[in-house]
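Peer 1: All I have is the shape, not the residue letters:
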């Protein structure tokens, strides 16, 4: 029964983390609407007008707040939680995500949430030399799906 209890606790922390990150994302959006599209310099700039206080990261053993990478410190602005290992891998120099992250990623050192609507470049379609379906050998438009 112990593994089930540990899993329940981890799930609870993840839900709390997602709610706090979502509230912070909304506060950043409201800040940007009031400030001509500029991002806040720090999360403290959101207090008290947009948030009562900067939310605590439930995975930090020291009770620290969720973290923020403003424009200029990352290719795109991010907020993040240290994740279930409790280690701030982003501050320690871990590579930042190269794709948007909008929910829990199991193999991620930290849980990043993007504050902009960016998308990675699309992968180019490559023409295949193999037929897609039997009988398509003569079809010049066969593409790998």
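Peer 2: It's in. Note that the coordinates shown come from a computational prediction; the quantities given were computed from them, not determined experimentally. Residues are numbered from 1 along each chain as shown.
Peer 1: Contacts only, for the residue nearest in space to the middle of the chain.
Peer 2: With distances taken as Cα atoms, centre = their mean, residue 113 lies nearest the centre of the chain, 2.5 Å away. Taking Cβ atoms under 8 Å, 6 or more residues apart in numbering as the criterion, residue 113 is in contact with 21, 25, 78-80, 101-102. Using the backbone N, CA and C atoms, a C-beta is placed for each residue, glycine as well.
Peer 1: Narrow these to those in strands?
Peer 2: Assigned to strands by DSSP state E, the following of the contacts of residue 113 qualify: 78-80.
Peer 1: Please identify, among these, the one with the most neighbours.
Peer 2: Using other Cβ atoms under 10 Å as the neighbour criterion, residue 80 leads the ones in strands among the contacts of residue 113 with 27 neighbours.
Peer 1: Surely that residue is in contact with residue 73?
Peer 2: No: the pair formed by residue 80 and residue 73 falls short of the contact definition of Cβ atoms under 8 Å, at 11.8 Å.
Peer 1: you'd agree residue 24 is up against residue 53?
Peer 2: No: no contact is recorded between residue 24 and residue 53 when judged using Cβ under 8 Å, the distance being 10.9 Å.
Peer 1: With neighbour numbers in mind, choose between these two.
Peer 2: Using other Cβ under 10 Å, the more surrounded residue of residue 24 and residue 53 is residue 24, with 22 against 11.
Peer 1: Leaving out chain neighbours, which residue sits closest to the more buried one?
Peer 2: Nearest in space to residue 24, with sequence neighbours left out and distances taken as Cβ to Cβ, 6 or more residues apart in numbering, is residue 79 at 5.4 Å.
Peer 1: Quick check: residue 61 vs residue 13, distance?
Peer 2: Between residue 61 and residue 13 the distance, using Cβ to Cβ, to the nearest Å, works out to 12 Å.
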